[in-house]
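> Pasting a predicted model and its sequence here:
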Amino acid sequence: MIPVKPHIAAKAHVKSMEQYREMYRRSIEQPEEFWREQAAILDWYHPPSSILDAEPKEVDFAWYSGGRLNACYNCVDRHLAAHGDKTAILWVGDEPGEYRGITPCTRWSSPASPPSRCADASSTPAARW
């Protein structure tokens, strides 16, 4: 295993392999309690009414029933105030050494810039999901 550099480990959510193993053990032994704690990290429009609904004989499981959240808000938007100026995507051009850091708050001067073209492509009907 490759050791993690100390300055990276200091910022990690899970600080050690021992902590990871403990979290994993709890997720198996006490799944509802563990995943309720993890759900508390997120911002919910409507909090879940239950953490786990399980029908093992029917092989039917539902996590966070009744809960509604916005994944983009949780992954990007709520972090903008503190991290909006940090690189989120590193665009690499065709020429060696051609790089652009794209931050959530980047303003591009030209609509023909590569990130703008990428954004335009994702808004075409063929790219919708």
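Yep, it's here.
> Let me see the domain layout of this structure.
If you go by automatic domain parsing, the domain ranges for the chain are 6-74, 76-127.
> ranking those domains by mean pLDDT, which is last?
Lowest mean pLDDT of the domains of the chain: domain 76-127, a mean of 71.
> In JSON lines: the domains of the chain, plus mean neighbour count.
All C-beta atoms are positioned from the backbone trio N, CA, C, and that covers glycine. JSON lines is the format used below for the domains of the chain (neighbours: other CB atoms under 10 Å):
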{"stretch": "domain 6-74", "mean neighbour count": "12"}
{"stretch": "domain 76-127", "mean neighbour count": "11"}
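> tell me the SS of Ala54?
Here Ala54 is strand, with the state taken from DSSP: H, G, I helix; E, B strand; the rest coil.
> Quickly note the distance from it to Ile89.
Using CB to CB, to the nearest Å, one obtains 38 Å as the distance from Ala54 to Ile89.
> Ok, Glu29 next?
Counting by CB to CB, the gap from Glu29 to Ile89 is 39 Å.
> For this protein, just list every one of the helices.
Taking DSSP state H as the test, the helices found in the chain are 6-9, 17-29, 31-39, 71-75, 80-83, 114-122.
> what is the orientation angle of the third one with helix 17-29?
Here the directions of helix 31-39 and helix 17-29 differ by 130 degrees (axes from the mean of the first three to the mean of the last three CA atoms, to 10 degrees).
> Check which helices and strands helix 31-39 sits against.
Counting contacts by 3 or more CB pairs under 8 Å, 6 or more residues apart in numbering; DSSP states H and E, helix 31-39 packs against helix 17-29, strand 50-55, strand 60-65.
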